[in-house]
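S.K.: Everything below, folded, please.
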Amino acid sequence: MLSYTIKRIFSLIPVLLGLSLIVFFMIRAIPGDPAQIILGQLATKEAVADLTEQLGLDKPWFIQYFTYLGGLFTGDLGESLRTKAPISGEIWPFLAATMELSFCAMLIAIFFGVNAGIISAWFQNSWFDYIAMVLALIGVSMPIFWLGLMEQWIFAINLDWLPTSGREEVRNPVEAITNLYIIDTLLAGRMDQFWDVIRHLVLPSLALSTIPMAIIARITRSTMLEVMRSDFIRTARAKGLRMFWVVYKHSLKNAIIPVLTIIGLQTGLLLGGAILTETIFSWPGIGRYIYEAINYRDYPVIQSGILVIAFIFVMINLIVDLLYAAIDPRIKYN
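M.R.: Next comes the predicted model:
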C-alpha cells in the first residue's frame, strides 16, 4: 500500500506539469493586454510598455514559463499582477470558502442521495422509487443558477428565513483563524456566529448539492439492485436477518465502490465548478477569484488557481483509490 501510494504521488508530477503548460498557453490566448487593463484605456503607450516590462511580460514565453515553474518548486505561486500580493497567501481565504461550501454540499448530497438510492432499491417499483428517480432526473437537469435564484426568492425574500448572500453577517464578522468559518466560530466559542455561518451556508449548499445528489442516488440504486440479487444476500435473508441489516450492513458495503468513485469525482468537480453558485450568492470562493483574475488578465493568479484545484482533484482521486482497499479486502495494491 505504501509503495503504491508513493508511486501514485510521483505520477502526479508529470500530470501537474503538463497541466501547467497547457494553462500557460491557454490563458495567453485570451484577448487583451494585462498592462493595458490594469492602467485603463486612457493610459499612454509608454506607460503600458513600462508596466509590461516591470511585470516581465515582454520576455519570451519559455523564460516566463520556467520562471513560474521554478517558483512552484520552491512553494512560490507568484505575485498577483493586480494586487501585487503573494498568491500563496492571498489564495487561501478564497480556497477555504469554496472548500467549506463544497464540503457542506457533498454532505447533503451523500446523505440524501445514498439513502434515497437505498430505499428506491429496497422498494423497487414502488411510489417512492418512481418519485425519487423523477426528482433525481430533475436534479441533474435543473440549472443551478435558476435554482439558486428561486431559493433566494422563496426562502430569503418571501419567507425571510435565510440570508440571501455572503458567508457571514456584516455587522457581526467572524474572526478568521483558519478561514473555515465553521471551525473558526467553534474555536472562538461563538455559537451565535456559528449558527449565523450555518444559515448563510444552507441555500448555496442546497443549490450546489442538487446535481451530485441526483447522480449519487441513481448510481446507488443501480448498484444496490445488482448486489441485492446476489446469492449471499438471499442467504442472509434466508437466515432470518432483518431487512435493515441486510441492506445497510451487507448490501451497501458491497455496493459502495461505484458510489465512492462518483463521490470522489463530484467532490473534485464541485471545487472547480462552484463559480455559478458563488456568483449568485456572492460567495467569496476560488471560482470567483479566478473569474475576476480572468477579467483582469492576471496570469499568475489564473495559473496558480487552476493548478491548486487540479492538485486537490487528483489528491481526492488518490484518497478514493486508497479507500477502495480499506473498504473491500479483495482489492490489493502491490
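S.K.: how near is the most centrally placed residue in the chain to residue 13?
M.R.: In the chain, the residue lying closest to the centroid (CA atoms, centre = their mean) is residue 271, at 1.9 Å. According to CB to CB, to the nearest Å, residue 271 stands 20 Å off from residue 13. C-beta: built from backbone N, CA, C; applies to glycine.
S.K.: got it, and residue 258?
M.R.: For residue 258, the distance to residue 13 under the criterion CB to CB works out to 29 Å.
S.K.: More neighbours: which of the two?
M.R.: With other CB atoms under 10 Å as the criterion, residue 258 and residue 13 differ in neighbour count, and residue 258 comes out ahead with 13 against 9.
S.K.: Read off the pLDDT value for that one.
M.R.: You'll see residue 258 listed with a pLDDT of 85.
S.K.: Kindly state the domain boundaries assigned to this protein.
M.R.: Per the TED database, the domain ranges recorded for the chain read 31-75, 92-325.
S.K.: Least confident of these, on average?
M.R.: Here the lowest mean pLDDT among these goes to domain 31-75, at a mean of 73.
S.K.: and the end-to-end length of it?
M.R.: Taking CA to CA, to the nearest Å as the measure, domain 31-75 stretches 29 Å from start to finish.
S.K.: And stretch 288-306, by the same measure?
M.R.: 12 Å.
S.K.: Show residues contacting that stretch.
M.R.: Counting by CB atoms under 8 Å, 6 or more residues apart in numbering, stretch 288-306 makes contact with 19-20, 23-24, 27-28, 30, 32-34, 37-38, 57, 68, 77-82, 87-88, 91, 94, 275, 278-279, 286, all of which sit outside it.
S.K.: So what's the residue count around residue 265?
M.R.: Other residues within reach of residue 265, judged by other CB under 10 Å, total 16.
S.K.: what residues are up against residue 252?
M.R.: With contacts defined as CB under 8 Å, 6+ apart, the neighbours of residue 252 are 114, 118, 224.
S.K.: got these as a markdown table, with distance to residue 178 columns?
M.R.: Output for the contacts of residue 252, formatted as a markdown table (distance: CB to CB, whole Å):
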| residue | distance to residue 178 |
| --- | --- |
| 114 | 29 |
| 118 | 34 |
| 224 | 37 |
